[in-house]
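Participant: Have a look at this prediction, sequence included:
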Amino acid sequence: MNITGGCLCRAVRYQSTAAPFIARMCWCRLCQYLGAGTGTASAGFRTDSFSIEGETTDYVSVAHSGNRMHRRFCPKCGTPLFSSAEARPLQIFVRMGTLDDPELIKPSMVIWTASAPSWACISSELPQLPGQPPPPVLPTPSAS
């Protein structure tokens, strides 16, 4: 599998050679800021199957979970690209709107629904959690 994507101006490109271990919509207040008022759709990848070309700018913040988060974006066009928690260095979350093929990955759940505004469009077909789920368990990399 080869999953690719990047920013609006194409100064930053990324690739994963493995499928994501999770994909979800998030309506926490921080993601609403990142999504300019909407929730965000993100897919989680193992860092050992993931590569990035190009320069990103890092904004560090502390999430509601207490995790120190790194949110990276393109310094040229401002596209939000990645999030990662210092507590989980083997994971990187990609904003799904930056995928070259947006049909390739679909969210499997919606989190932080309790923080969503009353006008939010939340699929009734997906499992919903009012807050943060436990951290995802990474699959073991397959032997080559």
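Facilitator: Here it is on my side, so go on. Keep in mind the model is a prediction, meaning the values are calculated, not measured.

Participant: And for residue 65, nearest residue in space, chain neighbours not counted?
Facilitator: Once flanking residues are discounted, residue 65 sits nearest to residue 132: 5.7 Å by Cβ to Cβ, 6 or more residues apart in numbering. All C-beta atoms are positioned from the backbone trio N, CA, C, and that covers glycine.

Participant: Residue 25 is in contact with residue 115, correct?
Facilitator: No - using Cβ atoms under 8 Å as the test, residue 115 is too far from residue 25 to be in contact (12.0 Å).

Participant: Compare these two and say which is more crowded by neighbours.
Facilitator: More neighbours sit around residue 25 than around the other of residue 115 and residue 25, counting by other Cβ atoms under 10 Å; the figures are 26 against 18.

Participant: I'd like the distance between the more buried one and residue 40.
Facilitator: Note on residue 25: its distance to residue 40, by Cβ to Cβ, to the nearest Å, is 7 Å.

Participant: Mind exporting the C-alpha coordinates of the worst-scoring helix or strand of the chain on mean pLDDT to PDB?
Facilitator: Least confident helix or strand of the chain, by mean pLDDT, DSSP states H and E, is helix 29-34 with a mean of 90. These are the backbone C-alpha positions of helix 29-34, laid out as PDB (Å, rounded to 0.1, in the frame of the first residue of the first chain):
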ATOM      1  CA  ARG A  29     -12.400  22.600  20.800                       C
ATOM      2  CA  LEU A  30      -8.800  22.400  19.700                       C
ATOM      3  CA  CYS A  31      -9.800  20.600  16.500                       C
ATOM      4  CA  GLN A  32     -12.500  23.100  15.900                       C
ATOM      5  CA  TYR A  33      -9.800  25.800  15.900                       C
ATOM      6  CA  LEU A  34      -7.600  23.700  13.500                       C
END
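
Participant: What lies in contact with it?
Facilitator: Contact with helix 29-34 is made by 38-40, 61, 63-64, 71, 80, 95, 112, 115, 117, as judged by Cβ atoms under 8 Å, 6 or more residues apart in numbering.

Participant: Name the member of those with the most neighbours.
Facilitator: Greatest neighbour count in the contacts of helix 29-34, by other Cβ under 10 Å, goes to residue 39: 25 neighbours.
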